[in-house]
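Colleague: all I have is the shape, not the residue letters:
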Ligand SMILES: [Zn+2]
């Protein structure tokens with residue numbers, strides 16, 4: 001199997017898998033969604049809350065804030081040598097203390113160390129009126145998307161077969177209808193010839209095939225080449241998350257092999 005990043009940004013990736021099968025890429029997709037660990041707030045101790053929102057709503061909102069995750073520094077709390085009591089190897093502490101009138105943002109969470117500071121500082125948590133207060137302590141720990149959506153690092157993930165567009169130029173009369181109907185503008189007429197401009201943009205909707213009265217265009221997907229795209233919530237980078245998923249999958253196959 002060959003893996004190529006067609007596009008790679010901090011929180012977004014478009015990846016091409018070659019010499020593979022849909023089942024295998026689907027296994028990677030599912031691992032990305034439910035098995036890659038990330039950090040999220042799990043326990044909140046509220047000392048003072050005179051805001052308009054209940055403690056539970058604030059705790060839930062805190063839980064959903066993406067926190068930077070350094071997987072090499074943390075272990076799962078239930079697997080930690082502290083027996084789940086909470087120690088620097090498995091738990092990250094945050095404090096928050098604000099008095100109105102103001103809006104409390106994710107950036108107001110103060111971490112014990114600067115490397116755990118929330119990256120997206122503009123997520124509103126609650127609005128405080130004059131003299132209203134919010135004082136709390138929060139503990140973040142590792143978890144996976146299988147347990148709760150707040151521990152899901154990847155979002156908006158999907159894949160498609162690599163598009164293959166075949167044009168029979170002898171049948172084509174350059175009517176331009178397929179060019180116009182394509183929602184992704186994949187086709188063009190160039191030098192009196194129908195041509196494919198950017199094949200990877202094709203979403204296999206087959207509108208061009210249906211509109212062509214002369215049967216000159218055929219669209220199909222190549223099952224052995226698959227394009228996958230996904231975003232992350234910022235807790236892990238798009239590259240890190242894929243590397244981690246492959247590591248987890250590798251370990252699972254190893255276990256299966258041993259059991260066989
Ligand atoms: Zn621990």
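Modeller: Perfect, I can see it now. Keep in mind that what you see is a predicted model, and the values were worked out from it rather than measured. Numbering: from 1, shown residues only.
Colleague: please count neighbours and contacts with C-alpha atoms only from this point.
Modeller: OK.
Colleague: so which residues on the stretch 151-260 of the chain come close to the ion?
Modeller: Residues of the stretch 151-260 of the chain found near the ion (C-alpha under 5 Å from the ion): none.
Colleague: for the nearest residue to residue 35 once chain neighbours are set aside, what are its contacts?
Modeller: Sequence neighbours aside, residue 144 is the residue nearest to residue 35 in space, at 5.4 Å (criterion: C-alpha to C-alpha, 6 or more residues apart in numbering). If a contact means C-alpha atoms under 8 Å, 6 or more residues apart in numbering, then residue 144 has 34, 35, 36, 37, 38, 151, 152 as its contacts.
Colleague: any idea how far residue 144 lies from residue 250?
Modeller: With distances taken as C-alpha to C-alpha, to the nearest Å, residue 144 is found 17 Å from residue 250.
Colleague: how about the stretch 151-260 of the chain: which residue is closest to the ion?
Modeller: When scored by C-alpha to the ion, the stretch 151-260 of the chain has residue 151 as its residue closest to the ion, at 18.2 Å.
Colleague: and the stretch 1-150 of the chain, which residues reach the ion?
Modeller: So far as C-alpha under 5 Å from the ion goes, the stretch 1-150 of the chain lies against the ion at 80, 82, 86, 87, 90.
Colleague: show me what residue 187 bridges to in the sheet.
Modeller: Note on residue 187: beta-bridge partners by DSSP bridges are residue 196.
Colleague: number of residues surrounding it?
Modeller: 21 (other C-alpha atoms under 10 Å).
Colleague: ok, the one 5 residues further on next?
Modeller: By the criterion of other C-alpha under 10 Å, residue 192 has 9 neighbours.
Colleague: isn't it right up against residue 176?
Modeller: No. When contacts are counted by C-alpha atoms under 8 Å, residue 192 is not listed as touching residue 176 (10.7 Å).
Colleague: returning to what we had before: closest to residue 258 out of the contacts of residue 144?
Modeller: Within the contacts of residue 144, proximity to residue 258 (C-alpha to C-alpha) peaks at residue 35, which comes in at 20.6 Å.
Colleague: so for the helix or strand where residue 30 lies, what gets flagged as buried?
Modeller: Taking DSSP states H and E as the definition, residue 30 sits inside helix 22-34. For helix 22-34, the neighbour count (16 or more other C-alpha atoms under 10 Å) marks 22, 25, 28, 29, 31, 32, 33, 34 as buried.
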